[in-house]
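> Pasted the sequence and its predicted model underneath.
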Amino acid sequence: PALSHDIFNYIMSAKIVTFYHENPWMVMPIEFIKEPMLNFLHAGNKIVLYGPVWVLITLIPSSLGQNNFLLTFGLFKILMLAFYAGSAWLIYRINREQKNAEAIQNLIFFAFNPLVLIETLSSSHNDIVMMFFVLLSFYLLMKKNFLSSIVYFLFSVAIKYASIILLPLYLFVVYKIN
């Protein structure tokens, strides 16, 4: 990661569950005194800062990585790439659903935006995962699949609580659709 150590915090939070079998909302990384990951963390003295859906998602690469740092790191990068690709696809689909003639341009604007590329693929911030579920929620809302839309919006909030700020917009779109 070029500009952030967050990916190491994500890996360690998942490792607390998969390797140490502890609760990351109760146990701080710094409590594992001989843990080699402590050298990479900037939040070793904090419990996990994110929601339960984020922790559940990170258990996948952590479990598959089997406590091998390079493998786990690579799997986390692949996870971010998958959510980036999914978000790009959803942006395109939402634009197409709205019959937007600039669907391809909007896709390109997102997919090749330097900020998105750096923060997602280099720094591996989990905002892309949060926004994937927001986009999926809005896409399903446009398809009038209200229950799934609500569930995925709640997934987004349970990844990173910041997406709750989109609730007024979400409710406005629900109102306009009905």
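Received it, and whenever you're ready, just let me know what you need.
> Please tell me I have it right and residue 159 contacts residue 48.
No - between residue 159 and residue 48 there is no contact under CB atoms under 8 Å: 11.8 Å. Where you see a C-beta, it was placed from the backbone N, CA and C, and this is true even at glycine.
> anything in contact with each of the two?
Here residue 159 and residue 48 have no joint contacts, going by CB atoms under 8 Å, 6 or more residues apart in numbering.
> Show me how far stretch 73-90 is from its chain's centre.
9 Å (CA atoms, centre = their mean, to the nearest Å).
> Skipping adjacent residues, who's closest to the residue nearest the centre of the chain in space?
Taking CA atoms, centre = their mean, the centroid of the chain lies closest to residue 129, which sits 2.3 Å from it. Nearest non-adjacent residue to residue 129, counting by CB to CB, 6 or more residues apart in numbering: residue 83, 4.7 Å away.
> quick one, what contacts that neighbour?
Residue 83 sits in contact with 120, 128-129, 132, where contact means CB under 8 Å, 6+ apart.
> how about a markdown table for those residues, with secondary structure added?
Below are these laid out as a markdown table (DSSP: H, G, I helix; E, B strand; the rest coil):
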| residue | secondary structure |
| --- | --- |
| 120 | helix |
| 128 | helix |
| 129 | helix |
| 132 | helix |
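> what's the most distant pair in those?
120 and 132 (10.3 Å; CB to CB).
> What separation do you get for residue 99 and residue 138?
Counting by CB to CB, to the nearest Å, the gap from residue 99 to residue 138 is 16 Å.
> mind listing the helices for this structure?
Assigned by DSSP state H, the helices in the chain fall at 6-18, 52-65, 69-97, 103-111, 114-117, 127-142, 146-157, 167-177.
> quick one: low-confidence parts of the protein?
1-2 (pLDDT under 70).
> now, which of the contacts of residue 83 sits nearest residue 144?
Closest to residue 144 out of the contacts of residue 83 is residue 132 (20.5 Å), distances taken as CB to CB.
> Let me know whether the closest one touches residue 85 as I believe.
No - contact criterion CB under 8 Å: residue 132 and residue 85 do not qualify, at 9.4 Å.
> out of the two, which sits in the more crowded spot?
residue 132 (23 against 13; other CB atoms under 10 Å).
> Tell me which residues touch that one, please.
Per CB under 8 Å, 6+ apart, neighbours of residue 132: 83, 86-87, 90.
> Thanks a lot, catch you later.
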